[in-house]
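Asks: Requesting a structural model of the entry that follows:
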Amino acid sequence: MTEELKTDVIVRNSLGLHARPAAMIAKLAMSASGNIWLTVGNETVDATSIIDILSLACMDGTRLTIEAESASDIDVLRQIQSLFEKGFNE
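Replies: Numbering: from 1, shown residues only. Below is the predicted model of the structure:
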């Protein structure tokens, strides 16, 4: 049985997805062996790019999908998911 390689999260901090959280996501995504993607609506961006993440303009309450290209990156996906669940410790 394989784990799901994508999950939905909600931005849970009052400032939305600004530079510091974007940098935290990008740092984790860079440790993946394959690509990690963030999707809002019909826009998908590379999670290793802070600029791409910021271009999504996610406010508090925005729903995103995180997707890992490789099953070996499920831990990275879960770590990024945890950042969202903790509101990026803000």
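Asks: pLDDT wise, what is residue 89 at?
Replies: Reported pLDDT at residue 89 in the predicted model: 88.
Asks: Then residue 70?
Replies: The model reports residue 70 with a pLDDT of 93.
Asks: what about the closest residue to it other than its chain neighbours, how many neighbours?
Replies: Excluding its sequence neighbours, the residue lying closest to residue 70 (C-beta to C-beta, 6 or more residues apart in numbering) is residue 34, at 3.3 Å. The way it works is simple: take the backbone N, C-alpha and C, and place the C-beta from them, glycine included. With neighbours defined by other C-beta atoms under 10 Å, the count for residue 34 comes to 13.
Asks: The closest residue to residue 88 other than its chain neighbours: what's it in contact with?
Replies: For residue 88, ignoring the flanking residues on the chain, the nearest one in space by C-beta to C-beta, 6+ apart is residue 21 at 4.2 Å. Shown here is residue 21, whose contacts under the criterion C-beta atoms under 8 Å, 6 or more residues apart in numbering are 13, 83, 88, 90.
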